[in-house]
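# Give me the fold of what follows.
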Amino acid sequence: MEHAEYVYTSGMSESDVDEYLRAGEHGVLGLADGNDAYTIPLSYHYDGDRFLLRVSDHDDDSEKGRFIESTETATFVCYEASTTESWSIHVRGPLREWEADVDEETLNEWFQPFRLFDEAIENVGFTLYELGMESVTGRETVE
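Model prediction:
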């Protein structure tokens, strides 16, 4: 590997992790069922206390629903990367349905617009999940 290009990274401070999570809007949720893995891009909302994920529930027998049910510890990754700069944050913990009532106006404030994939809007609903932040790790490029 003597000719491979690389950049150094280091751990992020708690305040930097908090800042990036508050400013971010999306990432990838990793789920598992035994030796089978499943990932899904999702929007999130972080307010300093709670890490919430908006999951569409337009299909009662969806693959993502089965993986959510079977996953004991989920991992959410948000990141940005270019050739010279990068950062990433992993949030790990249990994923539980969030039982609070949230109106559509609040959902629109908390989350970016939902991307539809050939679904009729009338057939799409949302469930909010809270990802327990048992482990939060951030890394970023250093000069």
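
# mind listing the strands for the protein?
Listed from the start of the chain, the chain has strands (DSSP state E) covering 9-11, 26-33, 36-46, 51-56, 74-81, 86-93, 95-97, 126-131, 135-141.

# and the gap between Gly11 and Ser56?
Gly11 sits 34 Å away from Ser56, going by CB to CB, to the nearest Å. Heads up, the C-betas are built off the backbone N, CA and C, glycines and all.

# on that earlier part again, tabulate the strands of the chain (CSV), appending distance to Asp18.
As requested, those are arranged in CSV below (distance: least, CB to CB, whole Å):
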stretch, distance to Asp18
strand 9-11, 14
strand 26-33, 15
strand 36-46, 8
strand 51-56, 11
strand 74-81, 13
strand 86-93, 10
strand 95-97, 21
strand 126-131, 15
strand 135-141, 9
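
# Can you tell me the closest non-neighbouring residue to Thr9?
Spatially, and ignoring its direct neighbours in sequence, Thr9 is nearest to Arg139 (4.7 Å; CB to CB, 6 or more residues apart in numbering).

# What count of nearby residues applies to Phe67?
Look at Phe67: counted by other CB atoms under 10 Å, it has 21 neighbours.
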